[in-house]
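Asks: Here is my input; please provide its structure:
(one chain, ligands or ions: 1)
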Amino acid sequence: MPDAAPSPARFATPINASVPLARPGEFRPLVLRDLAIWPPVVLAPMAGVTNYPFRAMCREQGAGLYVSEMITARGYLNGNRLTHLLASSRADETPRSVQIYGTEPKDVAEMARALVDQGVHHLDMNFGCPVPKVTRNGGGSAIPLKPKLLARIVRAGVEGAGRVPFTIKVRMGIDDTLITYLDAGRVAEEEGAAAIGLHSRTAAQLYSGEARWDAIGRLKQHVSIPVLGNGDVWECFDALRMMRTTGCDAVIVGRGCLGRPWLFRELADVFDGREPAPPPKLGAIVAIMTDHARRLCEFFGPDTGMRQMRKWCAWYTKGFRGSSAVREELVRVTTIEAMLQALAKLDVDEPFPLSGLRAHRGKAGRAQEKVALPQGYLEHLDDDTPPCGALADDDSGLEDALNGG
Ligand SMILES: Cc1cc2nc3c(=O)[nH]c(=O)nc-3n(C[C@H](O)[C@H](O)[C@H](O)COP(=O)(O)O)c2cc1C
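Replies: Prediction:
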């Protein structure tokens, strides 16, 4: 059968102008034990972002798996109120997915059991956090440097999760001299993880440069469990390109959906072989923003809800004419009415700007020169002792502060 030809009116940057739509049967659902996910698309865990309100908005647009932001095991087990709110969901969310952050195997097992008891359908674990505060204490992306420690934590999580699929998410390594993802893949497979997600950058890179999709392809060759590719899916067609060039089993979509929840509708379209409709005009985006603000206020309360909404205002309006002047107002708004007043200065008929498709939201910028590790860390890579103090204490709101993966 010939490739489904792209429509001449496709709204895409040149790199994606002629990417064929998915052919029937070309891709399969992502299978995580008893869960079959179609399209093979996963909303990336993002601290301060993938709370229930945003997950619900994305899910209403499309389909796939929508992962919570990382939830620290200690905060959760200590009954921290904010941590529990961030881990929470509503009856309409299925499948329900939570990402755990922790370094102590018994905490991870206990948290996994508690979440499964609450009806969670999928658990992921974050081993990619590049933030100095975390890696300096041997947490986050420092853990895969110690395969035996990684194995202990994954084993504990898999045991705690029981029948529920437990996956892990890693970066390529610390830097180009300390690459860990292939070993992490082997450990994940040996310890019974249902899949491994790879953000194809090193911790040193943070969010700079281009994601290195070739590493996703190498990981796919290396393991027999499903591989979830991650990094730089900005347009729905990037997801098809990533799947085709790497052979990965699903894509994880991060910053591309910030202020663009309709990206999930577009993803559902292209995986089902349909040409997606162009993105909404500014007027329709204002309606989406109003809905988003209401949901955040209902979930967090009006003050925190509007504070949270400010960063979303910047993301939703990125690239529109005159939006930078209005954004100065938007980053201070305290009510939905004030938000709408500021937005009223823009032209509701303005179409979504092509430049907005790959404009970085959330994070961009520079690499870190050196990834902080505990003193003498590299001399004991065979050690399986959990790091002490790696965010082990009560960590209210830490998820939001860390933003890491
Ligand atoms: C604001 C923000 C918060 C993030 N928080 C987490 C997190 O809690 N857990 C995690 O594993 N990764 C986290 N990440 C990393 C993303 O999950 C993803 O790996 C990364 O953004 C690369 O994908 P992208 O190029 O599609 O954005 C975060 C990223 C951003 C931008």
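
Asks: Close to the ligand: what parts of the stretch 251-400 of the chain are there?
Replies: The interface of the stretch 251-400 of the chain toward the ligand, taken as CB under 6 Å from any ligand atom, is made up of 253-256, 362-363. Heads up, the C-betas are built off the backbone N, CA and C, glycines and all.

Asks: go again using 5 Å as the cut-off
Replies: 254-255, 362-363 (CB under 5 Å from any ligand atom).

Asks: out of the residues you listed, which are buried?
Replies: Among these, the ones that count as buried by 16 or more other CB atoms under 10 Å are 254-255, 362.

Asks: Check these against residue 24 and report the nearest one.
Replies: The nearest member of those to residue 24, counting by CB to CB, is residue 254 at 28.4 Å.

Asks: doesn't residue 230 make contact with that closest one?
Replies: Yes. Proximity of residue 254 to residue 230 meets the contact threshold set by CB atoms under 8 Å, at 6.7 Å.

Asks: Between these two, which contacts overlap?
Replies: Common contact partners of residue 254 and residue 230 (CB atoms under 8 Å, 6 or more residues apart in numbering): 44, 199.

Asks: Now do the same contact list for the residue of the stretch 201-350 of the chain found nearest the ligand.
Replies: When you check the stretch 201-350 of the chain against the ligand by CB to the nearest ligand atom, the closest residue turns out to be residue 254, at 2.6 Å. With contacts taken as CB under 8 Å, 6+ apart, residue 254 has the following neighbours: 44, 46, 199, 230-231, 233, 362.

Asks: Kindly report the same for residue 293.
Replies: When contacts are counted by CB under 8 Å, 6+ apart, residue 293 is found next to 305-306, 309, 312, 336, 339.

Asks: Residue 146 too?
Replies: With contacts defined as CB under 8 Å, 6+ apart, the neighbours of residue 146 are 380-384.

Asks: mind running it again at 10 Å?
Replies: For residue 146, the contact set (CB atoms under 10 Å, 6 or more residues apart in numbering) comprises 138, 152-153, 180, 183, 377-378, 380-387.

Asks: Got a ChimeraX select line for the buried ones in those?
Replies: In ChimeraX, a selection of the buried entries from the contacts of residue 146 looks like this (16+ other CB under 10 Å):
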select :138,152,153,180,183,377,386,387
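
Asks: Filter the contacts of residue 146 down to the ones in helices?
Replies: In helices, judged by DSSP state H, the following of the contacts of residue 146 are found: 152-153, 183.

Asks: Present the residues you listed as TSV; the columns should include distance to residue 59 and pLDDT.
Replies: Supplementary listing: the ones in helices among the contacts of residue 146 in TSV, determined by distance: CB to CB, whole Å; pLDDT from 0 to 100:
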residue	distance to residue 59	pLDDT
152	34	98
153	29	98
183	34	98
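
Asks: Name the nearest of the residues you listed relative to residue 78.
Replies: Ranked by distance to residue 78 (CB to CB), the ones in helices among the contacts of residue 146 are led by residue 153 at 18.9 Å.

Asks: so how many other residues sit close to the closest residue to the closest one other than its chain neighbours?
Replies: Nearest-residue entry for residue 153: residue 105, 5.2 Å, with adjacent residues in sequence omitted and distances by CB to CB, 6 or more residues apart in numbering. By other CB atoms under 10 Å, the residues close to residue 105 number 21.

Asks: wouldn't residue 105 be in contact with residue 386 here?
Replies: Yes. If you go by CB atoms under 10 Å, residue 105 and residue 386 touch, sitting 6.6 Å apart.

Asks: Now do the strands in the stretch 151-300 of the chain.
Replies: In the stretch 151-300 of the chain, the segments counted as strands under DSSP state E, counting those that start in this stretch are 166-171, 173-175, 178-179, 195-199, 227-230, 250-253.

Asks: Now tabulate those strands in JSON lines and tack on mean pLDDT and mean neighbour count.
Replies: Written out in JSON lines, the entries for the strands of the stretch 151-300 of the chain read as follows (pLDDT from 0 to 100; neighbours: other CB atoms under 10 Å):
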{"stretch": "strand 166-171", "mean pLDDT": "98", "mean neighbour count": "29"}
{"stretch": "strand 173-175", "mean pLDDT": "98", "mean neighbour count": "21"}
{"stretch": "strand 178-179", "mean pLDDT": "98", "mean neighbour count": "18"}
{"stretch": "strand 195-199", "mean pLDDT": "98", "mean neighbour count": "29"}
{"stretch": "strand 227-230", "mean pLDDT": "98", "mean neighbour count": "28"}
{"stretch": "strand 250-253", "mean pLDDT": "98", "mean neighbour count": "28"}
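
Asks: Which among these is found nearest to residue 278?
Replies: strand 250-253 (18.9 Å).

Asks: Please report the distance of residue 362 from residue 179.
Replies: Using CB to CB, to the nearest Å, one obtains 25 Å as the distance from residue 362 to residue 179.

Asks: Residue 327 now?
Replies: In this view, residue 327 and residue 179 are 39 Å apart by CB to CB.

Asks: Which pLDDT does the model give the residue nearest the centre of the chain?
Replies: For the chain, residue 44 is the residue whose C-alpha lies nearest the centre (CA atoms, centre = their mean; 1.6 Å). At residue 44, the pLDDT value in this model is 98.

Asks: Spatially nearest residue to residue 347, not counting backbone neighbours?
Replies: Per CB to CB, 6+ apart, closest to residue 347 is residue 282, 6.5 Å.

Asks: rewinding a little: how about TSV for the residues of the stretch 251-400 of the chain next to the ligand, with distance to residue 114 and pLDDT added?
Replies: What follows is these, written out as TSV (distance: CB to CB, whole Å; pLDDT from 0 to 100):
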residue	distance to residue 114	pLDDT
254	27	98
255	30	97
362	29	83
363	30	78
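
Asks: wait, doesn't the residue nearest to residue 347 sit right on residue 352?
Replies: Yes. Using CB under 10 Å, residue 282 makes contact with residue 352 at a distance of 7.7 Å.

Asks: List the residues that are in contact with both of those two.
Replies: Overlap between the neighbourhoods of residue 282 and residue 352 consists of residue 320, taking contacts as CB under 10 Å, 6+ apart.

Asks: Is stretch 38-55 positioned near the ligand?
Replies: Yes. For stretch 38-55, a contact with the ligand is found by CB under 5 Å from any ligand atom, at 44-47.

Asks: thinking again about what came up before, quick one: closest of the strands of the stretch 151-300 of the chain to residue 132.
Replies: Using CB to CB as the measure, strand 173-175 is the one of the strands of the stretch 151-300 of the chain that comes nearest residue 132, at 12.0 Å.
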